[in-house]
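> Need a 3D model of the following:
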Amino acid sequence: MSQEQGCGSGSCGCASKAPTVDDVKVAVAMVNGVPLHGEGESPYPEALRQRAYSELLRQAAQREGLLAVGDLPSLDGVLSEAASDATLALLERELQLPEPDEASCRRYFDAHPARYHVGEKVQAKHILFAVTPGVDVPALRQRAEALLVSLRCEALDSPAFAKAAADNSNCPSGAEGGELGWLEAQDCAPEFASALFAQDEANAHIGVLPRLITTRFGFHIIQVLAREAGVAQQFESVKGAIGQVLRQQAYMTALRQYLSLLAGEAELQGLELETADSPLLQ
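Numbering: from 1, shown residues only. You can find the predicted model right below:
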C-alpha cells in the first residue's frame, strides 16, 4: 500500500491524500465551445442560464448573417451593442406572431374580471432588500428568499413581519414595521403594482405573497393586510390593453420555444437548458 493511497483509517499514521485547492476546478460552462464565464468563476444558476440564452442568440444572429463573424463574446454575459441590435433583429424576423382577435380578448376579459377594476385599494407592508452598486446580488436574493420562507409560516397578526422589516428593510418604512398604508396602483412602481393589483380571485392573496417581487429598487417581500375591490370597467374600454397583454404572452411563449430549439441544436457543456426539436409554432 502506497503512502499516497493510505489505509483510510488514520490509526496507523497514514491517510488518503486530501484534495488541495488546486485539485478542485470549477468547470467552465460553454455553448458550442464558447465559454460563458472565466475559469474559477461560478455564476448563479439563473445568471448562467441567461448568459447561455444570450450566447445562443448571438451565435444564431451570426449564422443568419445579421452579425459580423468578428463580433466576439464576453465572459460577463454582456452583449456588444452590435450583437444586441442583431439579436433583436433576429427575434423580430423569427417570431412572427398573429394579432389577437376580439374573441380572444373577450375570453381573456371574461376569465379575469377582477383585473379590470378602477379604484382598487390594497393595504400592505414590505421589506426591501436594495440592490446597490457592488452588492452581491445572488447572495442578497438568497437572503431575501430565506426570510420570505420564514415569514410565510407566520400568522397575519404576528409581529414577526414588522420585526423583520425593522431589522432588514432598506426602505425608510422599515422603521414603521414596513407599513405602506392603503395603496392604489398609481402609487406604486409598475412591477410592484402588478404584484399587488389586477389579480384574479385565485391570486388575490392576503398575507405574505408567495414570491419575491423584483423592481428597479431591489427585492421585496410583500404582506397584504386587506383589499378593497374597485369598480368594474367595460370591455370596450380595456380591449386595447388586453390586446397588449395577449401579444406579450404570445411573444414570451414563442421566445421560450425558439430558445429551446436553439438549445436543442447546440452543444452545451457545464449547464442544462430546456431543449426542443419541433418546428417553431406560429
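
> Contacts only, for the residue lying closest to residue 261 once chain neighbours are set aside.
Leaving aside its chain neighbours, residue 261 sits nearest to residue 276 (5.3 Å; criterion: Cβ to Cβ, 6 or more residues apart in numbering). Backbone N, C-alpha and C define where each C-beta goes, glycine included. With contact taken as Cβ atoms under 8 Å, 6 or more residues apart in numbering, residue 276 is in contact with 257, 260-261, 263-264.

> wait, is residue 276 part of a strand?
No. Residue 276 is assigned coil when assessed by DSSP: H, G, I helix; E, B strand; the rest coil, not a strand.

> Now do the same contact list for the closest residue to residue 215 other than its chain neighbours.
Closest residue to residue 215 in three dimensions, ignoring its sequence neighbours and counting by Cβ to Cβ, 6+ apart: residue 191, at 4.3 Å. Shown in contact with residue 191 (Cβ under 8 Å, 6+ apart): 213-216.

> from these, which single one is nearest residue 132?
Of all those, residue 216 has the smallest distance to residue 132: 12.0 Å, by Cβ to Cβ.

> was I right about residue 50 contacting residue 77?
Yes. The pair residue 50 and residue 77 qualifies as a contact (Cβ atoms under 8 Å) at a distance of 6.6 Å.

> okay, the two: which has more neighbours?
residue 77 (17 against 14; other Cβ atoms under 10 Å).

> any idea how far residue 266 is from that one?
The gap separating residue 77 from residue 266 is 16 Å, by Cβ to Cβ, to the nearest Å.

> Now residue 225. Nearest residue, chain neighbours left out?
In space, residue 225 is closest to residue 123, 4.3 Å off (Cβ to Cβ, 6+ apart).

> Just give me the neighbour total for the one you found.
Residue 123 - counted by other Cβ under 10 Å - has 16 other residues nearby.

> Show the pLDDT at residue 190.
Residue 190 is assigned 83 on the pLDDT scale.

> that older thread, any idea which of the contacts of residue 191 is closest to residue 73?
residue 214 (26.4 Å).

> buried set for the helix or strand containing the closest one?
For residue 214, the host element (DSSP states H and E) is strand 213-215. Neighbour counts over strand 213-215 (16 or more other Cβ atoms under 10 Å) mark 213, 215 as buried.

> Listing partners with orientation, what would you give for whichever helix or strand comes after that strand?
Next helix or strand after strand 213-215 toward the C-terminus (DSSP H and E): strand 218-228. Paired strands of strand 218-228, with direction, are strand 121-130 (antiparallel), strand 207-208 (antiparallel), strand 213-215 (antiparallel) (DSSP bridges).

> Give me the contact list for strand 218-228.
Contacts of strand 218-228 (Cβ under 8 Å, 6+ apart): 120-132, 140-141, 144, 147-148, 151, 156, 161, 164, 170, 178, 182, 192, 195-196, 204-209, 212-214.

> Could you pull out the buried residues of the one helix or strand residue 108 maps to?
Per DSSP H and E, residue 108 falls inside helix 102-111. Within helix 102-111, the residues that qualify as buried are 105, 108-109, counting by 16+ other Cβ under 10 Å.

> Turn those into JSON lines, columns for distance to residue 27.
Converted to JSON lines, the buried residues of helix 102-111 look like this (distance: Cβ to Cβ, whole Å):
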{"residue": "105", "distance to residue 27": "48"}
{"residue": "108", "distance to residue 27": "45"}
{"residue": "109", "distance to residue 27": "50"}
